[in-house]
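Engineer: Got a predicted structure plus its sequence, pasted below:
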Amino acid sequence: MRLGNQERNNYVREHIESATMELFMERDIRDISINEIVDKAGVSRVSFYRNYEDKEDIIKTHISKLILDWHEENGERFAKAKEKTGNDNVMLSSLFGFLKKHENLFIVLKERGMFYLFRDSFLSIYGPKPEYPNGIAYVAAYAFYGICGWIEEWVNRGMPESEEEMMALLEAMQKEEKK
């Protein structure tokens with residue numbers, strides 16, 4: 001069976017990403033060579049550089065895909081819940097669950113000093129956009145950096161709380177703010 005250009009490129013990207021993530025979960029990215037990645041993926045160095053700038057780009061792409069897949073699976077539910085309740089708590093609860101599901105990855109990112117890759121991926125999807133009017137951009141930045149601060153501190157502490165416990169803490173804080 002002969003693959004078309006798009007299928008071949010998807011195949012190459014999937015194998016490079018899979019190989020990189022498997023190696024990254026075992027050891028620091030600085031200790032992984034491009035040759036090791038392409039050998040494990042069964043592709044050429046040219047294919048690597050045709051698709052990625054560097055090793056970090058692969059990890060950031062992987063994280064972005066995870067986030068986008070999570071949102072795609074739940075986005076409609078989030079919108080309906082927000083319309084009904086006026087808050088994003090359903091989305092936040094699901095976000096904590098998503099993070100807990102991928103706890104090993106986020107702990108490894110923190111341990112390797114690379115948690116910024118999650119923050120950058122999350123920012124590109126949910127953070128303020130240049131086209132937003134100033135007021136909306138400021139509110140989006142406030143919300144984005146606030147929740148990122150919660151997430152980062154949770155990861156720094158080893159993610160000991162469950163998604164339900166994180167939501168209980170967040171809801172308690174929200175109640176205090178209303179007083």
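Structural biologist: It's in.

Engineer: packing partners for the helix or strand containing Phe96?
Structural biologist: Using DSSP states H and E, the element containing Phe96 is helix 89-101. Applying 3 or more CB pairs under 8 Å, 6 or more residues apart in numbering; DSSP states H and E, one finds that helix 89-101 contacts helix 55-85, helix 134-156, helix 163-178. Using the backbone N, CA and C atoms, a C-beta is placed for each residue, glycine as well.

Engineer: same thing but at 7 Å, please
Structural biologist: With contacts defined as 3 or more CB pairs under 7 Å, 6 or more residues apart in numbering; DSSP states H and E, the packing partners of helix 89-101 are helix 55-85, helix 163-178.

Engineer: Mean neighbour count, the ones you listed: which tops it?
Structural biologist: helix 55-85 (a mean of 15; mean count of other CB atoms under 10 Å).

Engineer: now it against helix 89-101, angle please.
Structural biologist: Angle of helix 55-85 versus helix 89-101, following axes from the mean of the first three to the mean of the last three CA atoms, to 10 degrees, is 150 degrees.

Engineer: residues contacting the residue nearest to Ser64 when sequence neighbours are not counted?
Structural biologist: On the basis of CB to CB, 6 or more residues apart in numbering, the spatially nearest residue to Ser64 that is not a chain neighbour turns out to be Ser121, at 4.3 Å. Counting by CB atoms under 7 Å, 6 or more residues apart in numbering, Ser121 touches Lys60, Ile63, Ser64, Ile67.
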